[in-house]
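*Asks:* Got a sequence here, can you build the structure:
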Amino acid sequence: MPSTAPPSRSVAYACLALSMALVGSYVALSKPLAAVLPVFLLAWMRFGIGALAMLHWLKKPHHEPPMAPRTRWLLFLESFLGNFLFTVCVIYGVKLTSAVSAGVIMSAIPAAVALMSWLFLRERVPPRTWSAVACAVAGIALFSLSKQEHLAITSQGLGAENTPNQVWLGQWLLVGAVVCEAAYSVIGKKLTGSLGPRRITSLINLWGLALSTPLGLYIAWDFDFAGVGWSTWLLLLFYALAACMWTVWLWMTGLRSVPAAQGGVFTVLLPVSATLVGVVVLGETLLPMQWLAFCVALVSVLLATLPTGTTRHVETDTAQNF
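*Replies:* Next comes the predicted model:
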């Protein structure tokens with residue numbers, strides 16, 4: 001067990017919320033990046049920048065016990081599902097469909113996290129958390145399915161490849177991203193019982209770099225890097241640091257004090273923040289119905305985080321069946 005004390009519940013909630021807000025931001029910004037950079041080259045450079053930024057996080061702390069084979073296997077799964085496959089599924093999924101499709105499909109993440117936590121971690125999911133999950137799904141689906149949002153994406157979108165033969169593939173890739181994100185939350189909860197957030201972050205990024213290097217190098221060999229503008233490089237730097245470093249560290253820190261099912265409710269902020277980036281960066285507008293959807297989503301977070309008289313900490317090592 002890490003010797004440092006877990007954060008308070010309020011700090012943990014703030015870490016989880018900020019993590020998912022950043023994820024939503026870089027998911028939205030991955031669309032212009034994917035328009036310039038091939039997907040696997042983008043993934044490889046993302047993990048490479050993250051690896052350079054986190055070299056000092058790789059060193060094993062003195063208080064940390066040696067990693068068991070099971071922990072090493074979970075680290076690989078965490079990176080393969082939550083880093084590598086999630087990145088590929090999201091970038092290709094958004095590229096082949098639209099932000100609307102991403103918002104609708106990824107609104108299922110809280111429900112998927114709660115279900116996996118119940119199945120694999122044997123967490124007791126209280127009725128209030130299930131209510132929070134329902135509000136999260138309802139709020140984002142209400143926003144994403146609004147007629148105005150469809151019109152905005154159709155007219156202002158960044159050129160999604162919405163051909164009939166490709167949309168279905170993009171939608172299934174987004175479904176895959178939902179499963180990957182849910183698995184990321186559940187496996188992350190297990191890892192926080194034996195490793196610190198910084199070490200988890202650096203190790204799973206290193207696995208992501210190893211997985212993406214073969215295709216990344218192959219594509220980079222013939223790619224015209226001189227044709228990439230400086231604004232794209234700056235956006236890539238933010239994307240890499242947010243995706244590889246900041247969001248993972250914040251999420252693992254929060255999960256040290258919060259059950260995975262409860263933490264999964266915070267994934268409602270992923271599509272919410274992606275939409276806000278569209279409003280601020282792309283100049284889209286929100287109608288009253290869409291503001292109502294945000295209020296419903298906020299209710300889900302409040303249901304998940306407001307304390308009750310029977311609230312108890314869930315031990316990180318109670319789940320032995322994953």
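
*Asks:* what about residue 65, which SS state?
*Replies:* Using DSSP: H, G, I helix; E, B strand; the rest coil, the three-state assignment for residue 65 comes out as coil.

*Asks:* Leaving out sequence neighbours, find the closest residue to it.
*Replies:* Counting by C-beta to C-beta, 6 or more residues apart in numbering, residue 65 lies nearest to residue 194, which is 7.3 Å off, once chain neighbours are set aside. C-beta here means a position set from N, CA and C on the backbone, and glycine is covered the same way.

*Asks:* what's the distance between that neighbour and residue 61?
*Replies:* The spacing between residue 194 and residue 61, counted by C-beta to C-beta, to the nearest Å, is 12 Å.

*Asks:* what about the two, which has more around it?
*Replies:* residue 194 (19 against 12; other C-beta atoms under 10 Å).

*Asks:* so which strand or helix has that one?
*Replies:* For residue 194, there is no enclosing helix or strand under DSSP states H and E.

*Asks:* Roughly how far does it sit from residue 203?
*Replies:* For residue 194, the distance to residue 203 equals 12 Å [C-beta to C-beta].

*Asks:* how about the helices of the stretch 151-300 of the chain, start to end?
*Replies:* Counting by DSSP state H, counting those that start in this stretch, the stretch 151-300 of the chain has helices at residues 164-191, 197-220, 230-241, 247-255, 260-264, 269-282, 288-305.

*Asks:* buried sites along the longest one?
*Replies:* Read that as helix 164-191. Applying a neighbour-count criterion of 16 or more other C-beta atoms under 10 Å, the buried positions in helix 164-191 are 167, 170-171, 173-191.

*Asks:* and the direction of it versus that of helix 247-255, what angle?
*Replies:* On the basis of axes from the mean of the first three to the mean of the last three C-alpha atoms, to 10 degrees, helix 164-191 is oriented at 50 degrees to helix 247-255.

*Asks:* Please work out the average pLDDT along helix 164-191.
*Replies:* If you average the pLDDT over helix 164-191, you get 82.

*Asks:* what packs against that helix?
*Replies:* On a contact count with 3 or more C-beta pairs under 8 Å, 6 or more residues apart in numbering; DSSP states H and E, helix 164-191 meets helix 69-77, helix 86-96, helix 99-106, helix 109-120, helix 247-255, helix 260-264.

*Asks:* follow-up on the earlier one: so the residue nearest to residue 65 sits right up against residue 66, yeah?
*Replies:* No: counting by C-beta atoms under 8 Å, residue 194 does not reach residue 66; the two are 10.2 Å apart.

*Asks:* out of the helices and strands packed on helix 164-191, deepest packed?
*Replies:* Counting by mean count of other C-beta atoms under 10 Å, helix 260-264 has the highest mean neighbour count of the helices and strands packed on helix 164-191, with a mean of 30.

*Asks:* what does that helix contact?
*Replies:* Residues outside helix 260-264 that contact it (C-beta atoms under 8 Å, 6 or more residues apart in numbering): 16, 109-110, 112-114, 116-118, 121, 123, 125, 129, 132-133, 182, 185-186, 188-189, 251, 254-255, 304-305.

*Asks:* mind saving the C-alpha coords of that helix as PDB?
*Replies:* The C-alpha trace of helix 260-264 is given here as PDB (Å, rounded to 0.1, in the frame of the first residue of the first chain):
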ATOM      1  CA  ALA A 260     -15.200   3.200  -8.900                       C
ATOM      2  CA  ALA A 261     -19.000   3.200  -9.400                       C
ATOM      3  CA  GLN A 262     -19.300   6.600  -7.700                       C
ATOM      4  CA  GLY A 263     -16.300   7.900  -9.600                       C
ATOM      5  CA  GLY A 264     -17.800   6.800 -12.800                       C
END
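
*Asks:* what's the average pLDDT for it?
*Replies:* For helix 260-264, the per-residue pLDDT averages 77.

*Asks:* repeat for stretch 239-252
*Replies:* Here stretch 239-252 scores 90 as its mean pLDDT.

*Asks:* before we move on, what about stretch 211-226?
*Replies:* The model assigns stretch 211-226 a mean pLDDT of 94.

*Asks:* Report the buried residues of it.
*Replies:* In terms of neighbour count (16+ other C-beta under 10 Å), stretch 211-226 has its buried residues at 211, 212, 213, 215, 216, 219.

*Asks:* Residues contacting that stretch, please?
*Replies:* The contact list for stretch 211-226 (C-beta under 8 Å, 6+ apart) reads 38, 40, 41, 43, 44, 45, 47, 48, 79, 80, 84.

*Asks:* before we move on, what about stretch 169-179?
*Replies:* Residues contacting stretch 169-179 (C-beta under 8 Å, 6+ apart): 81, 85-86, 88-90, 92-97, 101-102, 105-106, 108-109, 112, 160-161.

*Asks:* same thing but at 6 Å, please
*Replies:* Contacting residues not belonging to stretch 169-179 are listed as 86, 89-90, 92-93, 96-97, 101-102, 105-106, 108-109, 112 [C-beta atoms under 6 Å, 6 or more residues apart in numbering].

*Asks:* again with stretch 21-36
*Replies:* Residues contacting stretch 21-36 (C-beta under 6 Å, 6+ apart): 42, 90-91, 94-95, 158, 232, 239, 242-243, 246-247, 269-270, 273-274, 277.
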